[in-house]
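J.: Give me a 3D structure for the following:
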Amino acid sequence: MSSDCFDGDDALTGYDRWRRSRWEEMAGPDGKAGRIAYRLITEPGQEVPEVPGQWTSTGFSGSLTLTAARTEGVSVDGQAVDGTVELTSVSRLSFPGGRRGTIEELRGAHVLVVWDPAAPTLVGLRGIEAWPWDPAWTVEAEYRPAEAGRLLDVTRLTSPSMRDTLPAPGDFVFDLRGERHTLRAFGVGGDTLLITFTDGTSGTDTPGMGRWLILSRPKDATGTARIDFNRAVVPHHMFSAAFPCPLPPRDNHLQLRIEAGERAPVFEEEPAAGTATGTAV
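T.: Okay, here's the model as predicted:
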């Protein structure tokens, strides 16, 4: 494998910028490490421990409503709630203590996501351990589109865990350390692809649930893409258990040790029990 074309100050500068943006993504004022709840709404008048109000869903194709009294301090899109309001995927909810909420969808059901500026997982986050940048871990890969509509089964880290299917539009094939490897990619919206993988470091130097690579789909139907393992990230679930992250498919295991990219988040102390919970589904 030749890595000369990836070496140099420009590549290192780009990596440093990426590291700063990655830190902002997880630990900034709106950092994802502040997520404290991911609650599937399944029952009429359902209560959510982290926030006030009662929640009712008639299925994703139906409606989702919130009922709250004005004294509970809930607002939707800047308007105080006093009674029952209907919510959509673009609704922005505010709760006492600076907590905020959004509405997502999982397997055809509504999900309430709650973020807290005082979450221990956010205010206690002190760093993200990573291996030093090394251009030798950057490769050119061939993108091979899959048959139309291909889906792959995955396990999501909810509580308890659940099975799900995700679109898997293509595979990346590349040579690394004298061997040919194939990694399957999930489609996660637009032209963004997600590779979840494990390797020889998983469960020891890096999370047992693997790591992620986030790539853009090649513009050509069959083209090449640069895979930079220096930009492998630990899943969001490692920062907050309120992320229902998918585990890697069995085919996405690399036998070699990928000693590049992120290793683990570093917290000031262990997050308090029960502050970041997934949905029981």
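J.: remind me which residues of this structure are low pLDDT?
T.: For the chain, applying pLDDT under 70 flags the ranges 1-9, 59-61, 221-222, 270-281.
J.: which residues touch the nearest residue in space to P145 that is not next to it in sequence?
T.: Nearest residue to P145 in three dimensions, chain neighbours excluded: G170, at 4.6 Å (C-beta to C-beta, 6 or more residues apart in numbering). C-beta coordinates here come from the backbone N, C-alpha and C atoms, glycine included. Applying C-beta atoms under 8 Å, 6 or more residues apart in numbering, we find G170 in contact with Y143, R144, P145, A146, R184, A185, L193, R217.
J.: So which of those residues wins on neighbours?
T.: A185 (27 neighbours; other C-beta atoms under 10 Å).
J.: so what's that one up against?
T.: A168, P169, G170, D171, F172, L193, L194, I195, L215.
J.: on that earlier part again, adding secondary structure and distance to E24 as columns, could you present the contacts of G170 in JSON lines?
T.: Putting those into JSON lines (DSSP: H, G, I helix; E, B strand; the rest coil; distance: C-beta to C-beta, whole Å) gives the following:
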{"residue": "Y143", "secondary structure": "strand", "distance to E24": "29"}
{"residue": "R144", "secondary structure": "strand", "distance to E24": "34"}
{"residue": "P145", "secondary structure": "strand", "distance to E24": "33"}
{"residue": "A146", "secondary structure": "coil", "distance to E24": "34"}
{"residue": "R184", "secondary structure": "strand", "distance to E24": "29"}
{"residue": "A185", "secondary structure": "strand", "distance to E24": "25"}
{"residue": "L193", "secondary structure": "strand", "distance to E24": "22"}
{"residue": "R217", "secondary structure": "coil", "distance to E24": "25"}
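J.: I'd like the residues you listed written out as CSV, with distance to D134 added.
T.: Below are the contacts of G170 laid out as CSV (distance: C-beta to C-beta, whole Å):
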residue, distance to D134
Y143, 24
R144, 27
P145, 30
A146, 31
R184, 25
A185, 23
L193, 23
R217, 26
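J.: Check whether H237 sits in a helix, strand or coil.
T.: Recorded secondary structure, H237: helix (DSSP: H, G, I helix; E, B strand; the rest coil).
J.: What is the burial count for it?
T.: H237: 20 neighbours (other C-beta under 10 Å).
J.: State the distance from the nearest residue to it once chain neighbours are set aside to D199.
T.: Take H237 and drop its neighbours on the chain: the residue closest to it by C-beta to C-beta, 6+ apart is C245, 4.1 Å away. Using C-beta to C-beta, to the nearest Å, one gets 17 Å for the distance from C245 to D199.
J.: before we move on, what about R92?
T.: Applying C-beta to C-beta to R92 and D199 gives a distance of 39 Å.
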